[in-house]
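Visitor: for reference, the sequence and a predicted model appear below.
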Amino acid sequence: MDGVVGDVPVDLPILCGSRGKIAARVNTVAPTASPRRGTSARAVRRREFRADIEGLRAVAVLAVVLYHAGFPGVTGGFVGVDVFFVISGFLITGLLWRDVSTRGSIRLPRFYAARARRLLPAAATVLIATAAMSCMLLPPLQARGVLGDAIASALYVGNYRFAVNGTDYLAADAPPSPLQHYWSLGVEEQFYLLWPALIICTMWLGHRARRRPRVEAAPYILVLAIVAATSFLICLAWTHWLPSWAFFTLPTRAWELAVGGLVALTASRWRRLSDRTSAIAGWGGLLLIVLTSIELDETTPYPGTAALLPVFGTALVVGAGCAVSDRGVGRALSVPPMRTIGRVSYSWYLWHWPVLLLAPPLVGHSLGLGGRLAAAAVSFVFAVLTLGLIESPVRFAALFLRSTVRSLVLGTAVTAVAVCVAVGLLVIRPLPVGQGAAAAAITVTAPAPTTAMQDGSVAQMTAQVQAAVSASVGVQAVPSNLSPALAEAAGDKPTVFLNGCVRSWRELGQPECASGDTAAATTVALVGDSHAAMWNPAFETVAQQRHWRLETLGKVTCPLMELPIASPYLGRQYTECEQWRADVFNRLAAERPQLIVVSMSRRYGADFGFTSYDPAWVSGLSQLVSRLRTTGAVILVLGPIPDPRSTVPICVSGHLNDVQACSPPRPEAVNDAGIAAEADAVTAAGGQYADLTALFCTAQRCPVIVGNNLVYRDDNHVTISYAQALGPVVGAMAASAARNPLSL
C-alpha cells in the first residue's frame, strides 16, 4: 500500500504550493524548478519531503499492530487501515494529477512500474514466507486454506475471497488466516487499476468539449466527488446488509481513497489556511484518529458512518500539512522515532499479522499480552530487515529505475513466483487421510414402531450408541474409512442449509420445507437455529419410515426463545431474527403440527445480548414451551451436543495418529448444570426434554470420531453421517415424547 510505503513520488509544488514542506520525495521525476544557486539537489529533495505523512503512517501502523496484539485500550485500532487508504488516495492522485497538469497525459507504464517496484517484492516475500511457515506449523487442512488465500492475495483478489468466506455462516467461525490482512492491499491495487482509467476518461471528455484543451482540476474533483458519494452510499447499505462485503471490498472503501484524492486536488485551497487554522485542523484531525482508535471496537458496525471520523481526521492532518505551521501537528509527527516507524510501516504491516498468528503454534501454547507484544516486536525486526534487504534495494535499484519494462517484468515475475510457490506447496502438502484400521459403522437396531414409544426401547438404543462411543475413546489412529473424509467435512452440509430452508442472517420469511412423507396426516416440525437444522438428516430418515410429514424451520444464530437479540456478525440488533420468530409462531399456530421438536446452539455469549444457560435463557425456554403448547402439539426440546473446543476436521488433520488429542474431556465439553436447569424448566412447562450427552460422551471424554463417523463437521455442528447414524434413537425419543402410538 502506498499509504504505508515511504517516499512516494508526487509533484508536491503543484499539490501544496511553496508554503508546504511538501509531500514525498521525488525519486524519478525531475523537479519543476531548479534549485537556488548554492543549494544542492539533495537539500531540495529534503525540503520536498512530507515528514508529517511519514509520521502519520507510524500512527496508522501502530494502531493496527497494537489492536491485533490485544493491547488494552486500543479497541478500534483497525481504523489505521482507513488512515492508510486516505494517504494512498492523496499521494496517488497527486502523482497522476502531476502528469495530467504538466503533460496532458498519464504515463501508465511508468506509473505501474513504480507500483511494481515499490509494493510487490516485499509483499511477495512475506507471502511466500507465510505460506511456507503455515505448511510447517498449521494442521494440514488449515494450511491448505492458507495456501488458497496466498494464491488469491498474490493476485490481489484476496479481499473478495475473505468477503465470500465472511458471508458463509458455517465458515464464519473458522480460524483467521495469517494472510487476511492482505485484503487491504487488494483494495488499493484494484483502486490503482480503476482510478487512472477514470482520470483518462475525464481528460478525454474534457478535450472533446474544448477546441483548445485546458487543464483544470474542477472536472476531476467532480468525478472524484461522485465516486466518493456513490461509494459511501454503497458502504452505508452494505454495512447494514452485507457487513463482510462492506469491510473487505473496493466498492465500499473507494470513498476513503477518494477523500485523499480530493485533498490532493484541492491542495491549493488548503495552502491558503492561516497558521492558526491549519494547526487547529491538524491537531483536530489527529485527535479524531486517536479517539476512534480507542473508542470504537469490534461491535461497531464498520465501516459505515463510523469510518467518517478516522477518514476525515486523516484528511485534516494531510490537508493541514499543505499549510505548515510551527504550531501544527506536523512537528509532532516528524520527530525521528515516528519517522523511523513510518519508514518501515509497509513491511511491518505485512509481517505483524502472520507473526502474531503463527507464533502460538511455533511455541506450542497461546500467547498472553506480553507474548503478543514480543511477537509484534519480532515482526518489527523482520520489517526492518525486509526494508533494508528487499524493499529499498529493489525500489531504488538503477537497473529498474532506468527501465519501465524491467520494472514491469519484475512485478510480473515476483507475482508469478508467489503463485507458483503456493500452488507447489498445495501439491506437496497432500490432503490428510487416515491411515488407521478401517472401523465398523455404527449400527443401531431400531425396535418395531409399535414399541418405539417405550422408554426402555430408547434406553436400549442409547446403550448401543454408548457402547460405540466407549469403544472409540481408546482409538488413536484416524480410520482409513472415515466418513466424511476430512477434506470433505467442511462441505458436509444437509440439504436444508443449501436450498433456502435454513435462513441466513439477512433473509426474511420461511419457505415451506417439507420432507419425509409429505402427504402424511402427521406433521412433525423441527424448529430452531442451525443446531435444529443439523438434525434434519436424522429426522428425515425416520419421517420416511414412520410416515411423518417433516417441516424444517430454521434460521442461523436465532434461537426461538423470545429474547432480545443482537447479531455480532451483523454488528446490530438482529431484527431479522425477531421477524422470523414471529413468522414461525404464526406458521405453527396455523399448521398445528402434532409434534414440535426444538433445538438450538448453546454457544450464545453476551455479544448476542444473553448467554446460554443464564437465568434469562432458562426462563425464556420455559416460556417458549408454554407458548408452543397452545398449538396443541407435544413439545420436545433436544439438549445440546458437546462443545468439541476446536474446529474438529482441522484438529484431526494435525493429529492423524493421536486423534484423542482433539477429543475434549467431558467436563470441558458438557455443561451438566445447564442441561439440568433446562430439563427442569422444560418439564415444569409441560414439555419433554432429551439429554443427548450419552450419544456423544462417556463419563470421562467426548470422542470426535465414533466408529467410522467423524462426529463434527466444524467446531459445533454434527456431520450428516453421524446424524443419520443417530436417526433411530432420535426418532424413538420423538415417538416416546409424543405418547401417541397411532400416529407416532
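Guide: Perfect, thanks for sending it. Residues are numbered from 1 along each chain as shown.

Visitor: name the residue closest to the centre of the protein, please.
Guide: Against the mean C-alpha coordinate of the chain, by CA atoms, centre = their mean, the closest residue is G166 at 5.0 Å.

Visitor: mind listing what it touches?
Guide: Listed by CB atoms under 8 Å, 6 or more residues apart in numbering, the contact partners of G166 are A172, P243, S244, W245, F247, F248. C-beta coordinates here come from the backbone N, C-alpha and C atoms, glycine included.

Visitor: got TSV for the residues you listed, with pLDDT too?
Guide: Below are those laid out as TSV (pLDDT from 0 to 100):
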residue	pLDDT
A172	56
P243	89
S244	91
W245	94
F247	95
F248	96
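
Visitor: nearest to S457, of those residues?
Guide: Checking the contacts of G166 against S457 with CB to CB, the nearest one is A172 at 39.1 Å.

Visitor: one step back: so which of the contacts of G166 are in helices?
Guide: Using DSSP state H, P243, S244, W245, F247, F248 are the members of the contacts of G166 that sit in helices.

Visitor: quick one: mean pLDDT for the helix or strand containing S457?
Guide: Taking DSSP states H and E as the criterion, S457 maps to helix 455-473. Mean pLDDT, computed over helix 455-473, is 89.

Visitor: what is that helix packed up against?
Guide: Counting contacts by 3 or more CB pairs under 8 Å, 6 or more residues apart in numbering; DSSP states H and E, helix 455-473 is packed against strand 705-706, helix 727-738.

Visitor: report pLDDT for the closest residue in space to N499 that isn't next to it in sequence.
Guide: Excluding its sequence neighbours, the residue lying closest to N499 (CB to CB, 6 or more residues apart in numbering) is C513, at 7.4 Å. Per-residue pLDDT puts C513 at 91.

Visitor: correct me if wrong: C513 contacts F497.
Guide: No: contact criterion CB atoms under 8 Å: C513 and F497 do not qualify, at 11.1 Å.

Visitor: and the gap between V83 and A281?
Guide: 16 Å (CB to CB, to the nearest Å).

Visitor: same check, this time on T630
Guide: From T630 to A281 the distance is 63 Å (CB to CB).

Visitor: looking at these two, which is more packed in?
Guide: Using other CB atoms under 10 Å as the criterion, T630 and A281 rank with A281 on top: 23 against 10.

Visitor: for that one, helix, strand, or coil?
Guide: The three-state assignment at A281 reads helix, by DSSP: H, G, I helix; E, B strand; the rest coil.

Visitor: wait, doesn't it sit right on A320?
Guide: Yes: between A281 and A320 there is a contact under CB under 8 Å: 4.2 Å.

Visitor: what's the overlap in contacts for these two?
Guide: When contacts are counted by CB under 8 Å, 6+ apart, A281 and A320 are jointly contacted by L273.

Visitor: show me where pLDDT drops low in the stretch 401-550 of the chain?
Guide: When residues are selected by pLDDT under 70, those of the stretch 401-550 of the chain lie in 446-455.

Visitor: for it, what spans make up the strands?
Guide: For the stretch 401-550 of the chain, applying DSSP state E, counting those that start in this stretch gives strands covering 502-503, 514-516, 523-528, 549-555.

Visitor: helices and strands around the longest one, which ones?
Guide: Translated: strand 549-555. Counting contacts by 3+ CB pairs under 8 Å, 6+ apart, strand 549-555 packs against strand 502-503, strand 514-516, strand 523-528, helix 530-533, helix 536-546, helix 575-591.

Visitor: turn these into a markdown table, columns for mean neighbour count.
Guide: Below are those laid out as a markdown table (neighbours: other CB atoms under 10 Å):
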| stretch | mean neighbour count |
| --- | --- |
| strand 502-503 | 26 |
| strand 514-516 | 20 |
| strand 523-528 | 26 |
| helix 530-533 | 24 |
| helix 536-546 | 22 |
| helix 575-591 | 16 |
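
Visitor: dump these to TSV, plus distance to R395.
Guide: Shown next, in TSV, are the helices and strands packed on strand 549-555 (distance: least, CB to CB, whole Å):
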stretch	distance to R395
strand 502-503	51
strand 514-516	62
strand 523-528	57
helix 530-533	49
helix 536-546	57
helix 575-591	49
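
Visitor: closest to S334 out of those?
Guide: Comparing the helices and strands packed on strand 549-555 by CB to CB, helix 575-591 comes nearest, at 48.1 Å.

Visitor: what's the closest one packed up against?
Guide: Counting contacts by 3+ CB pairs under 8 Å, 6+ apart, helix 575-591 packs against strand 523-528, strand 549-555.
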